[in-house]
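Undergrad: Just a sequence and a predicted model for now, questions to come.
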Amino acid sequence: MTSIKDVANLAGVAVGTVSRVINNSGAVKPKTRKKVEEAIQELNYFPNEVARNFKMQKSKMVALLLPSIWNPFFSELAYYIEDELDREGFKLMLCNSGGKPEKELYYLEMLRQNKVAGIVGITYNDIENNVSNNIPIVSIDRHFNKKITCVTSDNFEGGRLALRELVRAGARKPAFMGSVTSVFSETMNRRQGFIHEAEALGIDYVIYEKPDPIVDDNAYIHEFLNEHGDVDGIFAITDMLAASYIDKARRKGIRIPEDVKVIGYDGIQDNPYFHPILSTIRQPVEEMARMTIRLLYNKIEGIPLDKQVYRIPVKFKQGETT
């Protein structure tokens, strides 16, 4: 099997020079570039996707940068993103950052060097200065100062809807449980919608937040239960946080929904075998994923978009916790 070393030997250059030609990165003299290209063609050397992109002059690889594949919402989103890409013959490169800014920066640099066709980004870290418009990019749930397209659900309306449903279920003192990101994310609008509706209806409410990410769920919820024992309704910023609250509240003898009504946000628990089935604000995950990729295709082709933020409606899904 032909190797990059064989190409370098035939062209009479270093392996690093061949790599720079394939990746189109770094300075290479025109005469040297021609020798490497001729060697590549003579040896028919196309070992991987990056090399094939060199031959085709067009990448068919799209990167998905996300905080955690363990989160069911991100997993479902990744599934539909990959499916939409596959329809057009694109491949998905998964970049699982674990929510670590240094890992996100590493991935962004790697993607720039490997010339992917585009990037779908989900990040809640302060990496503004390292995000570039040189590669087509669509963000999910996050605004950047640069003109980067954002796809999101209607988080503000979701917060309003959650408050109304808690009150309708009988809650008299509901609480919002969430986390505060270091940069503005659309998810923060869930809190704002909750507050807006509570004040419009004249409802007493509680806001309970800690910096994102919440490292210790046990300590977070234990502190909440100690400080706000009179709360009879919960709107959690995610389904995962809602489920964690329910588990710990029940261990303290709190009945759900008799004592406390609970609503989450995401709609990840879509299987009747899970109990209790969580009442939640359901995000249109499939629609968000497919719209994101269709918008990215337009950016790849240089087609102007008519707006910068695309918000998709949400709906309340009744479960067993309200």
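TA: Nice, I can see it. Residues are numbered from 1 along each chain as shown.

Undergrad: Could you check the pLDDT of the residue nearest to the spatial centre of the chain?
TA: The residue lying closest to the centre of the chain (CA atoms, centre = their mean) is I122, at 3.1 Å. Note on I122: pLDDT of 83.

Undergrad: now do N24
TA: Note for N24: predicted pLDDT of 69.

Undergrad: And the one 10 residues further on, by the same measure?
TA: The pLDDT attached to K34 in the predicted structure is 90.

Undergrad: Just to be sure, it is in a helix?
TA: Yes - judged by DSSP: H, G, I helix; E, B strand; the rest coil, K34 forms part of a helix.

Undergrad: What about it, how many residues nearby?
TA: Neighbourhood size, K34 [other CB atoms under 10 Å]: 13. From N, CA and C alone the C-beta is placed, and that goes for glycine too.

Undergrad: wait, what's in contact with it?
TA: Residues near K34 by CB atoms under 8 Å, 6 or more residues apart in numbering: none.

Undergrad: Mean confidence (pLDDT) on stretch 308-317, please.
TA: For stretch 308-317, the per-residue pLDDT averages 96.

Undergrad: picking up where we left off before, what backbone torsions are found at the residue nearest to the centre of the chain?
TA: As for I122, its main-chain torsions (degrees, to the nearest 10) stand at phi -120, psi 110.

Undergrad: Now for the closest residue to Y80 other than its chain neighbours: which residues touch it?
TA: The spatially closest residue to Y80, leaving aside those adjacent along the chain, is A289, at 3.5 Å (CB to CB, 6 or more residues apart in numbering). If you count contacts by CB under 8 Å, 6+ apart, A289 has them with L77, Y79, Y80, I81, D83, E84.

Undergrad: Now do the buried residues in the helix or strand A289 falls within.
TA: In this structure, A289 sits in helix 285-300 according to DSSP states H and E. Buried positions in helix 285-300, judged by neighbour count with 16 or more other CB atoms under 10 Å: V285, M288, A289, R290, M291, T292, I293, L295, L296, Y297, K299, I300.

Undergrad: Which pair of those residues spans the longest distance?
TA: Farthest apart among the buried residues of helix 285-300 by CB to CB are V285 and I300. That separation is 22.7 Å.

Undergrad: ok so, going back, just put the contacts of A289 in CSV and tack on secondary structure, distance to A242 and pLDDT.
TA: As requested, the contacts of A289 are arranged in CSV below (DSSP: H, G, I helix; E, B strand; the rest coil; distance: CB to CB, whole Å; pLDDT from 0 to 100):
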residue, secondary structure, distance to A242, pLDDT
L77, helix, 19, 95
Y79, helix, 22, 96
Y80, helix, 23, 97
I81, helix, 25, 97
D83, helix, 27, 96
E84, helix, 29, 96
